[in-house]
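Enquirer: Let's see this in three dimensions:
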Amino acid sequence: MLGYLINTRTGAWTYNLFHHKGVAIIVLCLGWGFNFDWMVLTGIILFGHSGIDRLCGYGLKFQDSFHHTHLGWIKPPESGSV
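Expert: You can find the predicted model right below:
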């Protein structure tokens, strides 16, 4: 998310990197292979987090807008709503 402070292209790239299930599986397997429990846990958390995001309708981001994902457009929250 911090990449969006720079611009939408950087934000989309960093968001997609950390929300890609393949990256989560690679982190998990590396942690398992090198016997790093913290890395295994990180891979599990990344995989679960990206799965929950997909379930809620948040997909990988396109470079034009945070609200434009591979699953469609996300409706931004209305201003003034709590």
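Enquirer: Quick one, grab the pLDDT at residue 25.
Expert: At residue 25, the predicted lDDT confidence score is 97.
Enquirer: ok now do the most centrally placed residue in the chain, which residues does it touch?
Expert: In the chain, the centroid-proximal residue (Cα atoms, centre = their mean) is residue 19; its distance is 2.4 Å. By Cβ atoms under 8 Å, 6 or more residues apart in numbering, residue 19 lies in contact with 46, 49, 50, 53, 60. Every C-beta, even on glycine, is put in place using the N, C-alpha and C of the backbone.
Enquirer: next one: residue 46
Expert: 18, 19, 23, 24, 27, 28.
Enquirer: Next: residue 20.
Expert: If you count contacts by Cβ under 8 Å, 6+ apart, then residue 20 has 50, 60 around it.
Enquirer: what about 10 Å?
Expert: 26, 46, 47, 50, 60 (Cβ atoms under 10 Å, 6 or more residues apart in numbering).
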